[in-house]
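Participant: Sequence first, predicted model second:
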Amino acid sequence: MTISARPTAFFANFRPIRALRWMFAATVLAAMAGAPVTADAARPAGMAGPGAFDGIWNVLFTTRAGNCSSTNSVPFTVTGRRVSSAGGGKVTGGISRSGAVSVSISVGASRATGSGRLAGNSGAGRWSGIISGDSCSGTWQASR
């Protein structure tokens, strides 16, 4: 029987911290082997995937304060994390993975900002601005 110095040298470099790292890595790998991880499973609850809100959204604006038209419907386009106009006017804005929306809208001398949240195929929020010289504000509801 021959005794090698090689295994002894391996254990001579043994450090408890390194062993803990290996045990942690082995535990994580074992857990992953038992349940395959997909992009959707790894995403925190309430977080939509890339492009989850893509499409044309019909947004109904309702005035709650000010001397503006009572309702107005406008189409918006969502592409990735960007919100833009699907009709007239200039619309700039963004949407987070959780569906939080923030936009700025301008048509001629009228300007407004809005914020809210999209979830699934609907959403809602608040807006305010200067429409045809009048200060107005209200709510919005979206659907696609």
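Facilitator: Cool, the structure landed.
Participant: Could you pull out the buried residues of stretch 56-76?
Facilitator: 57, 59, 61, 63, 68, 74, 76 (16 or more other CB atoms under 10 Å). All C-beta atoms are positioned from the backbone trio N, CA, C, and that covers glycine.
Participant: Nearest to Gln141 among these?
Facilitator: Val59 (7.3 Å; CB to CB).
Participant: Wait, that closest one touches Arg144, no?
Facilitator: No. Val59 lies out of contact with Arg144 (CB atoms under 8 Å); the separation is 9.8 Å.
Participant: which residues in the protein form strands?
Facilitator: 55-65, 71-79, 82-85, 90-95, 100-107, 110-119, 122-131, 134-143 (DSSP state E).
Participant: and these as TSV, adding mean pLDDT?
Facilitator: Putting those into TSV (pLDDT from 0 to 100) gives the following:
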stretch	mean pLDDT
strand 55-65	95
strand 71-79	91
strand 82-85	94
strand 90-95	94
strand 100-107	94
strand 110-119	96
strand 122-131	96
strand 134-143	96
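Participant: wait, which of the buried residues of stretch 56-76 is closest to Ile105?
Facilitator: Closest approach to Ile105 among these (CB to CB): Val74, at 7.9 Å.
Participant: need the contact list for that closest one.
Facilitator: The contact partners of Val74, by CB atoms under 8 Å, 6 or more residues apart in numbering, come to 58-59, 61, 87, 89, 105.
Participant: Dump these to CSV, plus distance to Gly51.
Facilitator: Formatted as CSV, the contacts of Val74 follow (distance: CB to CB, whole Å):
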residue, distance to Gly51
Asn58, 19
Val59, 19
Phe61, 25
Gly87, 21
Gly89, 24
Ile105, 23
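Participant: All set, thanks.
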